[in-house]
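**Student:** Just need the structure, nothing else, for what follows:
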Amino acid sequence: MTAAVVIFAKAPVPGRVKTRLLPVLSPGRAAALHARLTYELTAGLARSGTGRLYLYGHPGTDHPFFRSLRRRFGVVLHPQRGRDLGERMLNAARETLALHSRMLLVGCDCPLLTPALCREALAALEGNDVVLGPAEDGGYVLIGLRRPIRELFDDLAWGTETVLAETRRRIRALGLRSHELPLLWDLDRPSDLVRYRRYQRSTTCKRR
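**Tutor:** Here you go, the predicted structure:
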């Protein structure tokens, strides 16, 4: 089974990304943090050989940051297409699964989403229809699929604390086999930034 990992990322434009951190970070620093998270995720996945790596950029792929990731890591760039996040995710799943037998779609807001967890998710897809990486804020940091399933993406209140619960409900209603990774957290709010800095210090100490 050939595998793919799709990263969903916004272009790191000041004032357009990490806006919930703007009370404590300037627009430029918030954009730089977003770029750092995206870079570290892409680099880790590229070096691990987890699967064919794609990056779906929003609002497109022309930003120099995206082009630098393609040059450095060989990531395949595609624009996100759709009226809302759910439609953009579904379109990416359709395009990717036309070429691969299983795929993961991941965001770039979770510092703890490692290549090892992505490998676990891909392995779980051998016996399951869906894999989820639940997030503490009520969303998810990863979804894995073997086929596009429209019902998992239509008419969801994206960006709210109901996404994970509603996705689980739909999985049950459709009779799908599923697997969940450990609960993780996203870096979205000022309190998450404090946690992220602690995480950075702990990982730096472990490497010494």
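
**Student:** hey, which helix is longest across this protein?
**Tutor:** Longest helix of the chain, by residue count under DSSP state H: helix 27-48.

**Student:** What residues does residue 177 make contact with?
**Tutor:** By Cβ atoms under 8 Å, 6 or more residues apart in numbering, the contact set of residue 177 is 127, 128, 129, 130. Every C-beta, even on glycine, is put in place using the N, C-alpha and C of the backbone.

**Student:** can you check residue 28 too?
**Tutor:** Here residue 28 is in contact with residue 14 (Cβ under 8 Å, 6+ apart).

**Student:** roughly how far apart are it and residue 108?
**Tutor:** 18 Å (Cβ to Cβ, to the nearest Å).

**Student:** and if you look at residue 37?
**Tutor:** Per Cβ to Cβ, residue 37 is found 5 Å from residue 108.

**Student:** pLDDT below threshold where in this structure?
**Tutor:** 1, 204-208 (pLDDT under 70).

**Student:** quick one: the strands in it?
**Tutor:** Assigned by DSSP state E, the chain shows strands spanning 3-10, 52-58, 76-79, 102-106, 130-134, 140-145, 178-180.

**Student:** C-alpha coordinates for the second one, PDB please?
**Tutor:** Extracted in PDB, the C-alpha atoms of strand 52-58 (Å, rounded to 0.1, in the frame of the first residue of the first chain):
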ATOM      1  CA  ARG A  52       4.900  10.800  -0.200                       C
ATOM      2  CA  LEU A  53       4.700  14.300   1.100                       C
ATOM      3  CA  TYR A  54       2.200  16.900  -0.200                       C
ATOM      4  CA  LEU A  55       1.600  20.500   1.000                       C
ATOM      5  CA  TYR A  56      -1.800  22.100   0.200                       C
ATOM      6  CA  GLY A  57      -1.300  25.800   0.600                       C
ATOM      7  CA  HIS A  58      -3.900  28.500   1.300                       C
END
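
**Student:** which residues sit against that strand?
**Tutor:** 2-11, 42, 45-46, 61, 63, 66, 69-70, 73-80, 88, 92, 96, 99-100.

**Student:** What number of residues are in the vicinity of the closest residue to residue 155 other than its chain neighbours?
**Tutor:** Using Cβ to Cβ, 6 or more residues apart in numbering and skipping the chain neighbours, the partner closest in space to residue 155 is residue 86 (7.4 Å). Look at residue 86: counted by other Cβ atoms under 10 Å, it has 18 neighbours.

**Student:** Next, find the distance separating residue 86 from residue 166.
**Tutor:** For residue 86, the distance to residue 166 - Cβ to Cβ - is 11 Å.

**Student:** So for those two, which residues contact both of them?
**Tutor:** Joint contacts of residue 86 and residue 166 (Cβ under 8 Å, 6+ apart) are residue 156.

**Student:** Now do the same contact list for residue 97.
**Tutor:** Residue 97 neighbours (Cβ under 8 Å, 6+ apart): 103, 145, 146, 147, 148.

**Student:** make that residue 183, sorry
**Tutor:** Contacts of residue 183 by Cβ under 8 Å, 6+ apart are 134, 135, 136.

**Student:** Roughly how far does it sit from residue 136?
**Tutor:** Distance, residue 183 to residue 136, using Cβ to Cβ: 6 Å.

**Student:** Report the distance from stretch 59-73 to the chain centre.
**Tutor:** 17 Å (Cα atoms, centre = their mean, to the nearest Å).
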